[in-house]
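A.B. asks: What shape does this take:
(one chain, ligands or ions: 1)
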Amino acid sequence: MNDLEPATGTTDLAGTGAAWGERYSHALMNTFGAPRRVLVRGEGPYVWDADGERYLDLLGGIAVNALGHAHPTLTAAISAQLGTLGHVSNFFATPVQIALAERLLDLAGATRRPGSRVFFTSSGTEANEAAFKMARRTGRPRILALEGAFHGRTMGALALTHKPAYREPFEPLPGGVEFLAFGDTRALEQAMADDVAALFLEVVQGEAGVRMLPPGYLARARELADEHGVLLVLDEVQTGVGRTGAWFAHQHPDLGGGVLPDVMTVAKGLGGGFPIGAVIAYGERSATLLGTGQHGTTFGGNPVAAAAALATLGVIERDGLLDHVRELGSRLSTALAGAGPLVREVRSAGLLVAVELVAPVAAVVSERALSAGFIVNPVTPTALRLAPPLVLTWDQVSGFVDFLAGLPADPAELEPGEGS
Ligand SMILES: *Cc1c(COP(=O)(O)O)cnc(C)c1O
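C.D. replies: Numbering: from 1, shown residues only. As a prediction, this is how the structure comes out:
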């Protein structure tokens, strides 16, 4: 194999979407259902499928591809690191890992609390597992989470996840977790006590359809956590790294402005598409709950992942993407709210957007959108979710507003399967 051959060597990757779909069904577990398309290439906010069709990626790999696809700065940072030092065990450290930890502590405002430290993982669920283990180390038995919460699919994170269909096939799950009514301050006040280890919250519940905590809830949670010595854990796996127009959603003035958590978990957008997650522990108490030998990971802190994250954070800052996300997010949500009679309301925080429809036709509309060249996700039966690359522009996305506005006014006219 010479230097000019593709990285896949001799593996032949030609083939139609139908042929690849058939091969998928025999080679991969059916955990995700049939893939909607087989994708072969991406550039900026666009991807192309095996049959050469182009799509505007308004889902961004579920809030992951912050810089879009094949961003030159990200690509260069990853190849440079891989060509220098691609992996070491956690018996060793690398400068890029340390620099990323420092950068995250700074962006998270954790430097305001002495002793703050970071633990790296390779995914969001692993970040929440680590936070779960931290909660156990307090020695307290109870953990609180909210109805509608999604924290991941591994056993600990699943125990914190509310949806019965995700949980029940895997019971018994790690115990001690109680679910509180979403956004209900009274319920929170009643549940918080000195035997509670941790309260897990999402500032915006992404998987539940982009649901914001009501104003004041987070501030009250902070007060009660202080009063009872409870760890306030914010899961910013979906909302972090610029998604809402702030580095982290809880820093956004409309969403939580100023409240500092004790623990924050991040992942999805952090590596711009390269797998990485992190747990940020604020202050000495949180940061020392996991002692030497009490937790570990082979891949967490991998230098290539760290380089990808540093490059992603660097581009967001260099290109002023937080301002851009706020501006485009508000322009887009206003336009979507006026995009025809099928739209009931739009909920958004920056570029995390749910379009609530007047009827349970999100899956059909999402199929229609795909056929028209737009990738969106039916996050609930009645809502479409958009979590596009932060580099998206109005000119690129305005066609989707037109598409939505052009759908039939009567939901009954949307035939399931049509156009798919
Ligand atoms: C996606 C998500 C997770 C799980 O992250 P994975 O990387 O899929 O394990 C956890 N919490 C929230 C809020 C998420 O959106």
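A.B. asks: For this structure, give me the ranges with low pLDDT.
C.D. replies: Filtered on pLDDT under 70, the chain yields the residue ranges 1-10, 415-420.
A.B. asks: what about whatever residue of it ends up closest to the ligand, how many neighbours?
C.D. replies: Closest residue of the chain to the ligand, C-beta to the nearest ligand atom: G124 (2.3 Å). To be clear about C-beta, it is placed using only N, CA and C from the backbone, and glycine gets the same treatment. Burial of G124 is recorded as 29 neighbouring residues (other C-beta atoms under 10 Å).
A.B. asks: and what of P261?
C.D. replies: Neighbours around P261, by other C-beta under 10 Å: 29.
A.B. asks: List the residues that contact it.
C.D. replies: Going by C-beta atoms under 8 Å, 6 or more residues apart in numbering, P261 touches L232, V233, L234, H250, Y282.
A.B. asks: please redo it, this time with the cut-off set to 10 Å
C.D. replies: By C-beta atoms under 10 Å, 6 or more residues apart in numbering, P261 lies in contact with 108-110, 199, 201, 203, 218, 221-222, 225, 231-236, 248, 250, 280-282, 286.
A.B. asks: Next: A18.
C.D. replies: V38, A50, D51.
A.B. asks: which ones among those are found in strands?
C.D. replies: Using DSSP state E, no member of these sits in strands.
A.B. asks: and D106, how many residues sit next to it?
C.D. replies: Neighbour count for D106, taken as other C-beta under 10 Å: 14.
A.B. asks: Next secondary structure element downstream of the helix or strand containing it?
C.D. replies: Secondary structure from DSSP states H and E places D106 in helix 95-107. Note on helix 95-107: by DSSP H and E, the next helix or strand toward the C-terminus is strand 117-121.
A.B. asks: Now the element after that following strand, going C-ward?
C.D. replies: With DSSP H and E, the next secondary element past strand 117-121 is helix 124-136.
A.B. asks: So the residue minimising distance to the centre of the chain, which state does it fall into?
C.D. replies: The chain has Q238 as the residue nearest its centroid, 2.4 Å off, counting by C-alpha atoms, centre = their mean. Taking DSSP: H, G, I helix; E, B strand; the rest coil as the rule, one finds Q238 in the coil state.
A.B. asks: What ranges does this protein have for its helices?
C.D. replies: For the chain, the helices defined by DSSP state H cover 17-27, 60-63, 72-82, 95-107, 124-136, 155-159, 164-167, 185-191, 217-228, 283-287, 303-318, 321-337, 362-371, 394-405.
A.B. asks: Would you mind listing the buried residues in the first one?
C.D. replies: So that's helix 17-27. For helix 17-27, burial by neighbour count (16 or more other C-beta atoms under 10 Å) applies to G17, W20, G21.
A.B. asks: So which of those is the closest to E102?
C.D. replies: Set against E102, the nearest of the buried residues of helix 17-27 by C-beta to C-beta is W20 (42.7 Å).
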